[in-house]
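# I would like the atomic coordinates for the input below:
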Amino acid sequence: MIRKKLINICFIALFLFPFISEVNGQAFKEKDFVLHGGVGLGSTYSLGVFGGFGLPVGVGAEYGIADLEKGVIGVGGEFGYVSYSGFSISLIGARGSYHFAELLDMEKDNLDLYGGLGLYYRSFNFNGAAFATSGMLVSFHAGARYYFTEKFGAYGEIGNNWAWLNLGVVLKLN
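All right, here's what the predicted structure looks like:
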């Protein structure tokens, strides 16, 4: 029941993006510090889009380290978790992103498009006992953030290893 309500709220937020007022300034720039948290639609560790492996959740942070002529480089960390019937998977890692909305000469200053790579440690556990298959892995991600205000927005992201699609909120702290 809760999962269905969360999914509905996330879809409503995504469809409202184009109708929210504009924000002035570049969406992500050097020295920006952004926190994000969200839920996943469909664990990558089960079959089907909505899976049956529990509700994936994830949190992370990113810092803008370099302003390029057309884009920004950001680095950060992330934690993801999903569980079902005593079996759980935890991921923790570092990632880098290239924010490229300027490259496309987009006129919406509140839309942040990005993609990148991450290096994660993945731990499989069953009732507290770790599996031998736990270890390091490389992951890709691609996503978009839409800022409703200068500090608050929503995001959608694919490819980060605990869910097929992640939806959530972002908070800019600077």
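# least trustworthy helix or strand in the chain by mean pLDDT?
helix 2-16 (a mean of 46; mean pLDDT, DSSP states H and E).
# number of residues surrounding the closest residue to Gly58 other than its chain neighbours?
In this structure, Gly58 finds its nearest non-sequential neighbour in Gly80, 3.9 Å apart by CB to CB, 6 or more residues apart in numbering. Where C-beta positions appear, they are placed from N, C-alpha and C, glycine not excepted. Neighbours of Gly80 under the rule other CB atoms under 10 Å: 26.
# per-residue pLDDT, Gly80?
On pLDDT, Gly80 comes in at 91.
# check which helix or strand it maps to.
strand 71-84 (DSSP states H and E).
# what packs against that strand?
Here strand 71-84 touches strand 33-41, strand 57-68, strand 87-99, strand 111-126, going by 3 or more CB pairs under 8 Å, 6 or more residues apart in numbering; DSSP states H and E.
# can you mark which positions in it are buried?
71-74, 76, 78-83 (16 or more other CB atoms under 10 Å).
# can you check stretch 141-153 too?
141, 143-148, 153.
# and the helices and strands packed on strand 71-84 as TSV, adding mean neighbour count, distance to Met136 and mean pLDDT?
Listed next are the helices and strands packed on strand 71-84 as TSV, based on neighbours: other CB atoms under 10 Å; distance: least, CB to CB, whole Å; pLDDT from 0 to 100:
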stretch	mean neighbour count	distance to Met136	mean pLDDT
strand 33-41	20	21	93
strand 57-68	18	18	93
strand 87-99	19	8	91
strand 111-126	18	6	91
